[in-house]
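Q: Below are the sequence and a predicted model for it; my questions follow.
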Amino acid sequence: MTPAKAITSTGDGVFSVREIQVGDPAPDEVLVQVKAAGVCHTDYDSLSWGKPIVLGHEGAGLVVAVGSSITHVAPGDRVLLNWAISCGTCFQCVRGNHAICETHSPVAGRDPLKGHAHPEGTTLGGTPIERSFNIGTMSELTLVRREAVVRIPDEVSLPLESACILGCGVMTGYGSVINAAKVEPGASVAVIGCGGVGLNCIQGARIAGALKIIALDLSPDRLKMARDFGATHTLQADRADTGLLQMAEKVRELTDGRGADYAFEATAVPALGAAPLAMIRHGGTAIQVSGIEQDLTIDMNLFEWDKVYLNPLYGKCNPTVDFPRLFHLYARGDLMLDEMVSKTYALDELNTAFEDMHGGRIAKGVLVL
């Protein structure tokens, strides 16, 4: 067992930097030295999951050691860590729904521990501790299954601080546009909320060739960032605008009186769960990207007529297809990653990172280990 510093939570809202012990990889496992870990709203929520965990589900680093059956990576390789690993053979995987694998997904699977490395591989005080979303990236070392590791090609000059955010926020926003909604060239798109996920919806729409990309947010600073990432129009929202119905009128004015072809909600505000339905035309598609899980009251008139409402997980990620594509888009200059990392923090500065995130002062924060 090797000692490593990690941020752990007791499950009751408290976290601290502790020393954990990390074992050697089993035949189908990889030991990774984490160099950078993204900070996400889900990480903050995980503090109150009611169980001890190692925090973090976005990460990138260097391979330290591999199990005897590992062939796709080797010690020294730069790798991206991916939390939604799939078995490839279950009911959902054979239908292309890799992010909701019934065998391994920590979100959709029937047994949340099935995607973990062997349970005794990570311990705290001699007791096994679960890694958040199977990977627990806010740790100097992480022991993961083979499917959780994607090699970053040598020819792609991608800083690990930028690479780490691909593993959740970037994939969720980009994938919701490309994989779930399948936005086509010339389409009109509205994006509600211009934080990390919303900005990736915007650049996903730009990459897809959308003609009009309308960004909505309360913050003028975030709207400026939205322009930088590809928005063609920006609308500053008002907290008094219930359900953003007034903003929906402005979206219609910008889209020939019909409404957008697609609208994406990326605020995580339950009261705005139905807002994208108000933004789209008849026959349009609304996508709830932010993972709202609270009860909602929806005026069913918003569904008229022939509207579709989607709630995809992780942008319907297929790691073996999507991440190589994202590496290529970055190398080509189409995918903005460096610009999204607003600030970096040390491992013991997580509380500051959370404060900056909740205060809307950053697009994305990253812990540098």
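A: Happy to help now that I have it.
Q: Every contact and neighbour count from this point should use C-alpha atoms.
A: Will do.
Q: Give me the sheet partners of the longest strand seen in the chain and which way each runs.
A: The residue-count maximum for a strand in the chain (DSSP state E) belongs to strand 29-39. The strands beside strand 29-39 in its sheet (DSSP bridges) come out as strand 59-66 (antiparallel), strand 141-145 (antiparallel), strand 364-368 (antiparallel).
Q: Rebuild those strands as CSV, extending it with distance to Gly195, mean pLDDT and mean neighbour count.
A: Listed next are those as CSV, based on distance: least, CA to CA, whole Å; pLDDT from 0 to 100; neighbours: other CA atoms under 10 Å:
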stretch, distance to Gly195, mean pLDDT, mean neighbour count
strand 59-66, 19, 98, 25
strand 141-145, 28, 96, 28
strand 364-368, 8, 96, 24
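Q: Out of these, flag the one nearest His98.
A: strand 141-145 (15.5 Å; CA to CA).
Q: What is the subsequent helix or strand relative to the closest one?
A: Downstream of strand 141-145, the first helix or strand assigned by DSSP states H and E is strand 149-151.
Q: elements contacting the host helix or strand of Leu245?
A: According to DSSP H and E, Leu245 maps onto helix 245-254. Using 3 or more CA pairs under 8 Å, 6 or more residues apart in numbering; DSSP states H and E, the elements in contact with helix 245-254 are helix 275-279.
Q: all helices of the protein, in order?
A: Taking DSSP state H as the criterion, the chain carries its helices at 41-45, 160-163, 169-175, 196-208, 220-229, 245-254, 275-279, 319-331, 350-358.
Q: Next, format the ones you listed as a markdown table and append distance to Val63 and mean pLDDT.
A: Listed next are the helices of the chain as a markdown table, based on distance: least, CA to CA, whole Å; pLDDT from 0 to 100:
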| stretch | distance to Val63 | mean pLDDT |
| --- | --- | --- |
| helix 41-45 | 24 | 91 |
| helix 160-163 | 13 | 97 |
| helix 169-175 | 22 | 96 |
| helix 196-208 | 27 | 97 |
| helix 220-229 | 32 | 94 |
| helix 245-254 | 47 | 97 |
| helix 275-279 | 42 | 97 |
| helix 319-331 | 18 | 96 |
| helix 350-358 | 24 | 94 |
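Q: would JSON lines of those with distance to Leu81 be doable?
A: Below are these laid out as JSON lines (distance: least, CA to CA, whole Å):
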{"stretch": "helix 41-45", "distance to Leu81": "15"}
{"stretch": "helix 160-163", "distance to Leu81": "9"}
{"stretch": "helix 169-175", "distance to Leu81": "12"}
{"stretch": "helix 196-208", "distance to Leu81": "18"}
{"stretch": "helix 220-229", "distance to Leu81": "25"}
{"stretch": "helix 245-254", "distance to Leu81": "38"}
{"stretch": "helix 275-279", "distance to Leu81": "31"}
{"stretch": "helix 319-331", "distance to Leu81": "10"}
{"stretch": "helix 350-358", "distance to Leu81": "20"}
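Q: Can I get those helices in CSV including mean neighbour count and distance to Gly136?
A: Below are these laid out as CSV (neighbours: other CA atoms under 10 Å; distance: least, CA to CA, whole Å):
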stretch, mean neighbour count, distance to Gly136
helix 41-45, 15, 10
helix 160-163, 24, 16
helix 169-175, 27, 16
helix 196-208, 28, 20
helix 220-229, 19, 29
helix 245-254, 18, 39
helix 275-279, 29, 33
helix 319-331, 16, 18
helix 350-358, 17, 14
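Q: residues contacting Glu304?
A: For Glu304, the contacting residues are His282, by CA atoms under 8 Å, 6 or more residues apart in numbering.
Q: Would you list the phi and psi of it?
A: In terms of degrees, to the nearest 10, the main-chain angles of Glu304 are phi -80, psi 130.
Q: quick one: it from Ala278, how far?
A: 10 Å (CA to CA, to the nearest Å).
Q: swap in Val63?
A: 47 Å.
Q: swap in Asp306?
A: According to CA to CA, Asp306 and Ala278 sit 13 Å apart.
Q: Redo the strands paired with strand 29-39 as CSV? Include distance to Pro319.
A: Formatted as CSV, those follow (distance: least, CA to CA, whole Å):
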stretch, distance to Pro319
strand 59-66, 14
strand 141-145, 14
strand 364-368, 21
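Q: what's the closest of these to Asp356?
A: The nearest among those, by CA to CA, is strand 364-368 at 8.2 Å.
Q: of all the strands paired with strand 29-39, which lies closest to Val197?
A: Among the strands paired with strand 29-39, strand 364-368 comes nearest to Val197, with 9.3 Å by CA to CA.
Q: Give me the contact list for stretch 26-37.
A: 24-25, 56-70, 117-118, 137-146, 149, 160-161, 164-165, 366-369.
Q: redo that, cut-off 7 Å
A: 25, 56, 58-70, 117, 137-146, 160-161, 164, 366-369 (CA atoms under 7 Å, 6 or more residues apart in numbering).
Q: model confidence over it, on average?
A: Mean pLDDT, stretch 26-37: 97.
Q: quick revisit: can I get the longest strand of the chain as PDB, trimmed to CA atoms?
A: The C-alpha trace of strand 29-39 is given here as PDB (Å, rounded to 0.1, in the frame of the first residue of the first chain):
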ATOM      1  CA  GLU A  29      -6.700  -2.100 -13.000                       C
ATOM      2  CA  VAL A  30      -4.600   1.000 -13.500                       C
ATOM      3  CA  LEU A  31      -2.800   3.100 -10.800                       C
ATOM      4  CA  VAL A  32      -2.800   6.800 -11.800                       C
ATOM      5  CA  GLN A  33      -1.000   9.700 -10.300                       C
ATOM      6  CA  VAL A  34      -3.600  12.500 -10.500                       C
ATOM      7  CA  LYS A  35      -2.200  15.800 -11.600                       C
ATOM      8  CA  ALA A  36      -5.400  17.800 -12.000                       C
ATOM      9  CA  ALA A  37      -9.000  17.500 -10.800                       C
ATOM     10  CA  GLY A  38     -11.900  19.600 -11.900                       C
ATOM     11  CA  VAL A  39     -14.200  21.200  -9.300                       C
END
